[in-house]
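Engineer: I would like to see how this sequence folds:
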Amino acid sequence: MSGSRLSWATAEHRPDRTVFRFSTADYAPQDRLDAWREVYGNTLCKQEIEPVDSGNLDANVLFCRLPGLATMRGDLFQALYRRKPYQVESDRLFIAVGLASSFEVEQLSRNALVRVGDGFIGGRGAACQPGCGGLSLADPIDARARHCSNGP
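Structural biologist: Residues are numbered from 1 along each chain as shown. As a prediction, this is how the structure comes out:
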């Protein structure tokens, strides 16, 4: 047979770029907050992070990106996660659902308590204070417009 088949060795070395995992457990305790702020706060979500208790900085997230849709499943330590107007880089809306415990969200100068099973739709400048597990779906408005009609 010719070399048209992909060998197992080659396939094993091709990372799936649609899936990204990050955990503070991969860092020494004294480096966890800096790593979480840099990777999750600055790079992935464009948020400022201020922990409520610096003693427990265990967090992990799993991002899955598809064309026009992204999902995130995460367990975050209790902190204030705040997105400032200068950090907003897209028109994405997101839906967040509380999975493990309640958390508070602030958006457009309004606060709401999100309990287990509750959710909220967020967008530009949304800030939340999770100390729980959550699930988020993000969808760019321009991608939605291409697939949805303007009819009722």
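
Engineer: hey, where'd the helices end up in this protein?
Structural biologist: Listed in chain order, the helices of the chain (DSSP state H) span 8-12, 32-36, 141-147.

Engineer: mind listing the strands for this protein?
Structural biologist: Counting by DSSP state E, one finds strands in the chain at the ranges 19-23, 48-51, 60-66, 69-75, 79-82, 93-98, 103-107, 110-114, 119-122, 127-129, 133-139.

Engineer: the second one pairs with which strands?
Structural biologist: Partner strands and pairing direction for strand 48-51 (DSSP bridges) are strand 79-82 (antiparallel).

Engineer: can I get the strand it pairs with in PDB? Just the C-alpha atoms.
Structural biologist: Extracted as PDB, the C-alpha positions of strand 79-82 are listed here (Å, rounded to 0.1, in the frame of the first residue of the first chain):
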ATOM      1  CA  ALA A  79     -13.000  36.000  42.700                       C
ATOM      2  CA  LEU A  80     -14.300  39.100  41.000                       C
ATOM      3  CA  TYR A  81     -14.000  38.600  37.300                       C
ATOM      4  CA  ARG A  82     -14.500  42.000  35.700                       C
END
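
Engineer: rewinding a little: could you dump the strands of the chain into JSON lines and include mean pLDDT and distance to residue 31?
Structural biologist: Every residue, glycine included, has its C-beta placed from N, CA and C. Listed next are the strands of the chain as JSON lines, based on pLDDT from 0 to 100; distance: least, C-beta to C-beta, whole Å:
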{"stretch": "strand 19-23", "mean pLDDT": "91", "distance to residue 31": "13"}
{"stretch": "strand 48-51", "mean pLDDT": "86", "distance to residue 31": "14"}
{"stretch": "strand 60-66", "mean pLDDT": "87", "distance to residue 31": "15"}
{"stretch": "strand 69-75", "mean pLDDT": "83", "distance to residue 31": "19"}
{"stretch": "strand 79-82", "mean pLDDT": "77", "distance to residue 31": "16"}
{"stretch": "strand 93-98", "mean pLDDT": "75", "distance to residue 31": "27"}
{"stretch": "strand 103-107", "mean pLDDT": "70", "distance to residue 31": "25"}
{"stretch": "strand 110-114", "mean pLDDT": "76", "distance to residue 31": "30"}
{"stretch": "strand 119-122", "mean pLDDT": "74", "distance to residue 31": "29"}
{"stretch": "strand 127-129", "mean pLDDT": "46", "distance to residue 31": "23"}
{"stretch": "strand 133-139", "mean pLDDT": "45", "distance to residue 31": "23"}
